[in-house]
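A.B. asks: just coords:
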């Protein structure tokens, strides 16, 4: 689109470039929860019907429901009901605690420490007490598979623009996520540097400052409408990329681009 003049492309990571639920399911299977694991909705930690937003995942902290998002990701059919309940419990904990940080109800805590909290909550619900198993589960949040088009799509788009990764993941988690999924950036920025979480404007300002470009010359790419709204509020241009675990736009949203995947996005940016 000729009218879209940009100097760099900024990518969300979790959910947009990597399949977060699939990686967590793998960790939950390794935890080997016993049969009869109670549902998160039955009481105890994580109960209360909160939405999912794990580390910048499908829904903004405190907004949309987690159940549909957890059920749509690849691998859900073979994960088993116990795994799905524990996944939902994890997502609810992360979403709730990120919301508390954003609301000023608790000090900022990096995502890898929130992962450890969530792993402890899930392990308790599953009846697992082995500290090594809990730590392994927490680390599974850093071993997330890329979507099939991610690596090639990033390479293609990098032929025309500098690429910036902008994630709610901590610096340590982002390094390991990038290495595991094969993500290649010109610059990778963590919300830890702003000591808050998206959609706080301070996180998007990291990309503006790091790129040296005005907001309107940056294109924010995400599978989450809430993330794009946050970037849009600071003046960034926006591109929605459809993913099975994303947060689709509403009729009221006005994003600059809508793409089926990164291949489609590259074509819309005029990259062959």
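C.D. replies: Okay, I see it. Source: prediction; values computed, not measured.

A.B. asks: can you map out the strands along this structure?
C.D. replies: In the chain, the strands defined using DSSP state E lie at 8-11, 163-167, 187-190, 218-222, 237-241, 257-259.

A.B. asks: what about those strands, which gets the closest to residue 112?
C.D. replies: strand 187-190 (10.4 Å; CB to CB). To be clear about C-beta, it is placed using only N, CA and C from the backbone, and glycine gets the same treatment.

A.B. asks: list the buried residues of the closest one.
C.D. replies: 188-190 (16 or more other CB atoms under 10 Å).

A.B. asks: I'd like those written out as a markdown table, with distance to residue 167 and pLDDT added.
C.D. replies: Shown next, in a markdown table, are the buried residues of strand 187-190 (distance: CB to CB, whole Å; pLDDT from 0 to 100):
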| residue | distance to residue 167 | pLDDT |
| --- | --- | --- |
| 188 | 8 | 97 |
| 189 | 7 | 98 |
| 190 | 6 | 98 |
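
A.B. asks: quick one: which of the residues you listed is nearest residue 29?
C.D. replies: residue 190 (28.0 Å).

A.B. asks: which residues does that closest one contact?
C.D. replies: Neighbouring residues of residue 190 by CB atoms under 8 Å, 6 or more residues apart in numbering: 167, 169-171, 173-174.

A.B. asks: residue 129: which of those residues is nearest?
C.D. replies: residue 173 (24.8 Å).

A.B. asks: what's the span of stretch 187-205 from first residue to last?
C.D. replies: End-to-end distance for stretch 187-205, by CA to CA, to the nearest Å: 14 Å.

A.B. asks: related to what we said a few turns ago, so which of the strands of the chain is the most surrounded?
C.D. replies: Highest mean neighbour count among the strands of the chain (mean count of other CB atoms under 10 Å): strand 218-222, with a mean of 27.
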